[in-house]
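Asker: have a look at this prediction, sequence included:
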Amino acid sequence: MAPLRPVSAEEIESLAIGAWILGTGGGGSPYLALLNMRALYRQGAVVSLIDPLDLADDDLVAVVSNMGAPLVGQERLTDPRTIARAVTMMEEYLGRRFRAIMSLEIGGGNAIQPFMAAATLDRPVVDADCMGRAFPEAQMTSFAIHDLCMYPLMLVDVRDNAVVVARAASWKWMERLSRTACVAVGSIAATCKAPRTGKEVRECGILYSTSKAIRLGQTVQAARRAHRDPIEAIIEAERGQLLFTGKIADVARRATEGFMRGTARVDGLGDCRGQRFALAFQNEFAVGWLDGAPRVMTPDLICVMDTVSGEAIGTETLRYGQRVSVVVLPAPPILLTPKGLEHVGPRAFGYDLDFKSVFA
Amino acid sequence: MRRIGIDVGGTNTDAVLLDGDMVVHAVKTPTTADVTTGITTALCELLAAVAPAGPIDAVMIGTTRFTNAVVQRRDLTRVAAVRIGLPASASLPPFVDWPEDLAALVRGEVVMLEGGHEYDGQPIVPFDETGMRDAARRIQSAGITSVAIASVFSPLNAECETRAAAILRQGCPDAAVTLSHELGRIGLLERENATLLNAALVGLARQTTNAFTEALRASGLAAPLYLTQNDGTVMLAATAQAFPVYSFASGPTNSMRGAAFLSGLSDAIVIDVGGTTTDIGSLRRGFPREANNVVDVGGVRTLFRMPDLLSLGLGGGSLVGDDPLRVGPRSVGYRLVDESRVFGGDTLTATDVAVAAGLIELGDRRRVADLPADLVKTVLARIHATIEEGVDRMKTDAREEPLIAVGGGCFLVPERLPGVSEVVHVRHQAVANAVGAAIAQVSGEVDQIFQNLTRDAAIVEARRIAEQRAVAGGADRATLQVVEVEDLPLAYLPGNSLRVRVRVVGDIAERRGLASMTRETR
C-alpha cells in the first residue's frame, strides 16, 4: 500500500485560501477552522492525506461536514471536539471503525473539518470530496447523483445533543430531516454523513479535490508574492473567466430555514461602468444576471472576490461599497450531466432557467 | 467658516487654521509628554499669528496615539476578557489570533462562561451568573481596571452582556467596561478583538481627551471640540473617549484627505512619513481606498471600515543601530528635539542620517559630521528600500501613478521610485494631517430595530433619522451622502423585525453668528 502523505502546516494555510475560493460564497470562511488547525499543529498534530485509489473496497470512510448557516458559524465557532464526536458516535452506532475521513464539500470551512476530526482521532484524510465546490443541501452531492444510500446520518451539537437519522426515504427527505434537526439546535451542527466504502469513494467521489484546493491556494500566494494580480492568476490556473467588476451597491439577506438567502447588486466600475450585475444566493452564489439577463448559473462556480487582494468574499461578508470581481470557474463534469443538473442545476434552487454553462 | 485642525502625532503636534478652502496659517511643534502643553503651544502660536482673531467654528483633533500604542505595544491597559457563550466556541478563546507579544501585554484574566444566544434570540444555555460573580471577584482582586465583555450573538440580543456588566459593576465598581455589541457586528472573534483593543486603550483615551479639553481651555477657545474618526468624520470628544478604536486610523485618513486637498490630485498613492510610523495608502476620487472586510490593526483582526493602509515602523524619529543594521520600529517620538544627535542628544535617528546626507537642514549639522559616509549610505539605502517595497505593495496595477509625499519625515522618501510617475510635494505637506482633520466631515448614524416595515421602507426611515442626526451634529444637509447601509433580519422578533444601520456623512455647515468664540485676552 502506498504511504500516506503528511500535510504540512503551510499546505493547510494554502488549503484554507483555495477552499474559500471554491466555496463560491458559501461553506463558511475557513479562517476559524484554520485557527483550530494551527492550534492542533502547534500541539504536535500532523494530518496525512490518503490517495482515494489506495482505499480498499471495503474500507469505511466517514464523510463529515459542519452544517448550518454561515452567519451562525461566525458566532458559534467551530470546535474540533464536536466534529470528532460526530465521527466517534457514528462508529459507536455502526459498531465499525472508520479507516479514513473525507470532506463532504471542498468549498469553504468544510474542506478543513475532516482535518480537525482527523487530527483529533489520528486518522488520514481522503484526497476527495463529493461536491468539488460548496452546495447548501444534502442531495447536492456526487454520491446523491450516483444514487448511493443516504443514511444513516449523525448530527451533534455543542450541548451534548445528538440525532441519528436512521433511515430516509430519499436524499430530499434526508435533507429535510437533518435540516430540521440542525435548525432546532441553532442552525449549526457537526455531521457525519452516510458512511461510504472505499469502492464508493473511488467510483462516485470527486477525486483529488483536496490537493486541487491546496494548489489553488498556492497559486494565489505565489501571485501575491510576485505582486501579480491574484484574480488573473486564478483565472489562468483554473481556466476561469472574469464576468464583472464593480462595487456592491445593495445586499439583502435573510436567514430562513437554516440557510442564508438573499441578493446582492453590483454596480459596474472600469470596463463595466454603466452595467449592473445581480447575484442571488442560498449560502452559495446560485445565479448571476447581467443587466437583467441570466449570465451565469449553478453548478458553474460563481466566485466573488476582492478586486484588489483576490480574497474570496462570502455571502455573509458581502458589504455595501466593497470593490469586487465576479469570476466563474468550471464545475466538475459529473455535475453537468443531466442527472447532475437535476440535483444542482438552477431549477434545483428554484430558478426556472435552462442551464447554460459559461464554458459551453 | 474658520476651523482649526490639530494633529497630535507621536512626534509632532501640528495645527492649521482654515478659512473656507484656504490654509491661513500652520504651525508645527513637538508633542509633549503631557500632550496638553504641545497643543497649547501650537494653538497659541497659531492664534497669535492670525490676529485679529475671528470666531472659530470648530476645533478638530486627530491623533495617532491610539494606533501607536498598539503598534508600539505601550501605554496599554491590561484587560480582563469575559466571553459568554460556552459550550460553544470553546476551542478558540479570547486572544486566540493575537500576536503573542501583544497578547502578553494585554491579556489579564480570561473568563469563559456559559450563556449567549442563538441566531433566533433563544439562549444557547442559561447565562452563568454565579460564574460572572466569581469572575468579578477575581478581576477585582487581580487589580484589573478594564474589562471587555463579548457574548455570542450579542448584536442580536445584548442581554448577557448588559447583565454581565451590571454584575461586574457591583464587584468592580471602578472598572471601565467595553461591551462588544456597542462596537461591532456579527463575527464573534473580530468583534471581541475590537472590544479587547478598545478596553486596552480606554485609560489612554481618557487621559488623552482630558488633555485635549484642558489645552483648549488653556488657549481660551470655546469652540466645540471634535475628535476625528477612521472614516474621515468627527465625533464630539466626550463621545469619542469611550471608543478610542473608532479613532484608530484617523491619522492616516486625515493625512490622505489632507494630501488630496492640498495637491488637488484625487487619484494617487499617498505616503505619510511621520516621526514614528510611515503610512502608505491609495487615494481614489479624493478618498482613501477602503480595506474590504477584515482589517489588521497591529496584527489583530477587526471588522472596522478603515482605509486600506500599509503601516511601517519607520519615521524621522526611528532609532538607527549599525550592528546589526536596524532602522525602527522603535522611535524617540516626541523626544526627537532632545535626544537626536542634531538637536544635542546622543541617540542616532533617521533624521540625523538625513541631515548627514544633506537631505534636510535641521539642528546642528556638525554634530553628525563624524558619521561614517558608509553608514549614512547603507542606512539611507535601507530606508529607501523599505519605502519602495511598501509603495509597491500598495499599488494595485502596473500603470505608473503619482506619489504624494507628506508628513514631517517626507525627506526620507526617495525622488525616484519604480512604478511612480512623479513624487509630488505640496505646500503645507508637513501638516497634511492637520489639514485633513480641519476638513473632516460630520456623520450621522442610526442603528436600531424597525418593525412592521418593508426592508426598503425601513432603510428610508433609517436614512431620514441618520440625516437628521448629522444635521443636528452640524452637517450641511446639501452635502450629505450615505456611506453605509446594513440590515440584519431578526427572525425571533414578531412583525418582520429588521436591525438597520445607516451612516451618512456631510461637510460641516457654516455656523456664522453661532458664537463658539475667540480667545481670551492674554
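Answerer: Ah, there it is. Numbering: from 1, shown residues only, chains lettered A, B, ... in the order given.
Asker: give the buried residues for stretch A:198-213.
Answerer: A:198, A:200-202, A:204-213 (16 or more other CB atoms under 10 Å in any protein chain shown). The C-beta positions use only the backbone N, C-alpha and C, and glycine is treated the same way.
Asker: stretch A:99-116 close to chain B?
Answerer: No: contact of stretch A:99-116 with chain B is not found when judged by CB under 8 Å from any CB of the partner chain; the minimum separation is 9.0 Å.
Asker: re earlier: in strands, which of the buried residues of stretch A:198-213 fall?
Answerer: Among the buried residues of stretch A:198-213, the ones falling in strands (DSSP state E) are A:206-207.
Asker: B:Ile56: which of the buried residues of stretch A:198-213 is nearest?
Answerer: Closest approach to B:Ile56 among those (CB to CB): A:Ala213, at 59.2 Å.
Asker: in which helix or strand does the closest residue to the closest one other than its chain neighbours reside?
Answerer: Nearest residue to A:Ala213, sequence neighbours excluded (CB to CB, 6 or more residues apart in numbering or on different chains): A:Gly18, at 3.7 Å. Using DSSP states H and E, A:Gly18 maps to helix A:9-22.
Asker: can I get that helix in CSV, CA atoms only?
Answerer: Taking Å, rounded to 0.1, in the frame of the first residue of the first chain, the C-alpha atoms of helix A:9-22 are listed here in CSV:
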residue,chain,number,x,y,z
ALA,A,9,1.2,23.4,8.2
GLU,A,10,1.9,25.6,5.1
GLU,A,11,-0.3,23.4,3.0
ILE,A,12,-3.1,23.8,5.5
GLU,A,13,-2.8,27.6,5.1
SER,A,14,-2.9,27.2,1.3
LEU,A,15,-5.9,24.8,1.6
ALA,A,16,-7.8,27.5,3.5
ILE,A,17,-7.3,30.0,0.7
GLY,A,18,-8.2,27.6,-2.1
ALA,A,19,-11.2,26.2,-0.3
TRP,A,20,-12.6,29.7,0.4
ILE,A,21,-12.5,30.4,-3.4
LEU,A,22,-14.1,27.0,-4.2
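Asker: please work out the average pLDDT along it.
Answerer: Averaged across helix A:9-22, the pLDDT comes to 97.
Asker: can you name every helix or strand that it contacts?
Answerer: Helix A:9-22 is packed against helix A:31-42, helix A:209-225, strand A:301-306, with contacts defined by 3 or more CB pairs under 8 Å, 6 or more residues apart in numbering or on different chains; DSSP states H and E.
Asker: for these, which one ends up most surrounded?
Answerer: Of all the helices and strands packed on helix A:9-22, strand A:301-306 has the most neighbours on average by mean count of other CB atoms under 10 Å in any protein chain shown, namely a mean of 26.
Asker: report the buried residues of the helix or strand just after that strand.
Answerer: Next helix or strand after strand A:301-306 toward the C-terminus (DSSP H and E): strand A:323-329. By 16+ other CB under 10 Å, the buried positions in strand A:323-329 come out as A:323-329.
Asker: buried stuff in stretch B:44-61?
Answerer: The neighbour-count check on stretch B:44-61 (16+ other CB under 10 Å) flags B:44-47, B:53, B:55-61 as buried.
Asker: now do that stretch: distance from first to last residue.
Answerer: End-to-end distance for stretch B:44-61, by CA to CA, to the nearest Å: 15 Å.
Asker: and stretch A:148-160, by the same measure?
Answerer: First residue to last in stretch A:148-160 (CA to CA) measures 30 Å.
Asker: which residues touch the worst-scoring helix or strand of chain B on mean pLDDT?
Answerer: In chain B, no helix or strand scores lower on mean pLDDT, DSSP states H and E than strand B:295-297, which sits at a mean of 74. Applying CB atoms under 8 Å, 6 or more residues apart in numbering or on different chains, the contact partners of strand B:295-297 are B:67, B:70, B:197, B:245, B:248, B:301-306.
Asker: what's in contact with the very next helix or strand once past that strand?
Answerer: Using DSSP H and E, the helix or strand that follows strand B:295-297 in sequence is strand B:300-302. With CB under 8 Å, 6+ apart as the test, strand B:300-302 has contacts from B:70, B:97-99, B:102, B:184, B:189-190, B:193-194, B:196-197, B:245, B:294-296.
Asker: of those, which belong to strands?
Answerer: Those of these lying in strands (DSSP E): B:295-296.
Asker: before we move on, the earlier item: mind putting the helices and strands packed on helix A:9-22 in CSV, distance to B:Gly274 and mean pLDDT included?
Answerer: Output for the helices and strands packed on helix A:9-22, formatted as CSV (distance: least, CB to CB, whole Å; pLDDT from 0 to 100):
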stretch, distance to B:Gly274, mean pLDDT
helix A:31-42, 32, 96
helix A:209-225, 27, 94
strand A:301-306, 28, 95
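Asker: let's have those in a markdown table, adding distance to B:Tyr119.
Answerer: Below are the helices and strands packed on helix A:9-22 laid out as a markdown table (distance: least, CB to CB, whole Å):
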| stretch | distance to B:Tyr119 |
| --- | --- |
| helix A:31-42 | 16 |
| helix A:209-225 | 28 |
| strand A:301-306 | 23 |
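Asker: list just the one of those that sits closest to B:Ala268.
Answerer: Closest to B:Ala268 of the helices and strands packed on helix A:9-22 is strand A:301-306 (CB to CB; 21.3 Å).
Asker: wait, A:Ile313 touches A:Val304, no?
Answerer: Yes: using CB atoms under 8 Å, A:Ile313 is in contact with A:Val304, at 4.9 Å.
Asker: hey, what's in contact with both of these two?
Answerer: With CB under 8 Å, 6+ apart, A:Ile313 and A:Val304 have common neighbours A:25, A:324.
Asker: A:Val164 and chain B, how far apart?
Answerer: Distance check for A:Val164 against chain B: by CB to the nearest CB, to the nearest Å, it reads 21 Å.
Asker: partners of the stretch of helix or strand that residue belongs to in the sheet?
Answerer: Using DSSP H and E, A:Val164 sits within strand A:162-165. The strands beside strand A:162-165 in its sheet (DSSP bridges) come out as strand A:153-156 (antiparallel).
Asker: and the strand it pairs with, how far out from the chain's middle?
Answerer: Counting by CA atoms, centre = their mean, to the nearest Å, strand A:153-156 is centred 18 Å from the centre of its parent chain.
Asker: then stretch B:235-244?
Answerer: 12 Å.
Asker: cool, stretch B:208-218 as well?
Answerer: How far stretch B:208-218 lies from its chain's middle: 18 Å, per CA atoms, centre = their mean.
Asker: what of stretch A:172-180?
Answerer: Relative to its chain's centre, stretch A:172-180 lies at 18 Å (CA atoms, centre = their mean).
Asker: for A:Asp250, list the residues it contacts.
Answerer: Counting by CB under 8 Å, 6+ apart, A:Asp250 has contacts A:263-265, A:320, B:485.
Asker: can you do 7 Å?
Answerer: Going by CB atoms under 7 Å, 6 or more residues apart in numbering or on different chains, A:Asp250 touches A:264-265.
Asker: okay, and the beta partners of it?
Answerer: For A:Asp250, the beta-bridge partners are A:Arg265 (DSSP bridges).
Asker: so where's the stretch 401-522 of chain B shaky on pLDDT?
Answerer: For the stretch 401-522 of chain B, applying pLDDT under 70 flags the ranges B:490-496, B:510-522.
Asker: actually the stretch 51-200 of chain B, not the one I wrote
Answerer: B:51-53.
Asker: for it, what lies in contact range of chain A?
Answerer: Within the stretch 51-200 of chain B, the residues that sit near chain A (CB under 7 Å from any CB of the partner chain) are B:87-92, B:96-97, B:118-119, B:124-125, B:152-153, B:186-189.
Asker: which of those residues fall within helices?
Answerer: Counting by DSSP state H, those place B:188-189 in helices.
Asker: could you chop chain B up by domain?
Answerer: As assigned by automatic domain parsing, chain B contains the domains B:2-70+B:207-263, B:79-204, B:311-435, B:440-506.
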